[in-house]
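Peer 1: Okay, predicted coordinates and the sequence, questions at the end:
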Amino acid sequence: MATIDDEEAMFETLDPVPSEIATAISDGLNAFNESAEIRREAFAVVWRENGGLIAGITASVSFSVLFIGNLWVAKSLRLGGIGTKLTAAAEEEGRRRAAVAACVDTLSTQAPDFYPKLGYVEFGRISGHAGGRPVDRIWFRKEFSTVA
């Protein structure tokens, strides 16, 4: 095991985070997880119109769970069902990759009512503040049916 010589060690706070630092940290964690047989399969589902990106969702599957990252729909197209279709497509791809459940988080200022309409159940919440107003971060989960 490595030891840290306090006279030689130095902690830095980096803001913004240089891309090479973010990559090194991510690559280090991924290597550790792969050695423990915890694989992460990342993917995205996108919606294009006339060659332009108008909506998309990022996700990954790790230890049989679909983790939804970001869901974005162009402002002019929101509330038209595209987000629901993208989420369903991500869930389908997750199932194809052997996911048995899904997990997503959102802010109380974003889409706290969207995910429950799709069968997601809240399992965690933490309160904070942004711009002087209260904002909650909310975690949701959805168990996939074993019946196809």
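Peer 2: Sure, I can see it.
Peer 1: CA atoms for contacts and neighbours, from now on please.
Peer 2: Will do.
Peer 1: helix or strand right after the longest helix anywhere in the chain?
Peer 2: If you go by DSSP state H, the chain has its longest helix at helix 19-35. Downstream of helix 19-35, the first helix or strand assigned by DSSP states H and E is strand 40-49.
Peer 1: Give me the three-state assignment for residue 88.
Peer 2: The three-state label given to residue 88 by DSSP: H, G, I helix; E, B strand; the rest coil is helix.
Peer 1: ditto for residue 127
Peer 2: Put simply, residue 127 is strand when judged by three-state DSSP.
Peer 1: Based on its surroundings, how many neighbours for residue 125?
Peer 2: Using other Cα atoms under 10 Å, residue 125 has 15 other residues around it.
Peer 1: Pull up the gap between the most centrally placed residue in the chain and residue 58, please.
Peer 2: The centre of the chain sits closest to residue 69, judged by Cα atoms, centre = their mean, with a distance of 2.0 Å. With distances taken as Cα to Cα, to the nearest Å, residue 69 is found 5 Å from residue 58.
Peer 1: again with residue 137
Peer 2: 18 Å.
Peer 1: so where is this structure shaky, pLDDT-wise?
Peer 2: Where the chain drops to pLDDT under 70, the residues are 1-9, 36-38, 146-148.
Peer 1: try 90 this time
Peer 2: Residues of the chain that meet the criterion pLDDT under 90 lie in 1-15, 23, 25-41, 51, 63, 78-79, 111, 145-148.
Peer 1: Alright, calling it a day.
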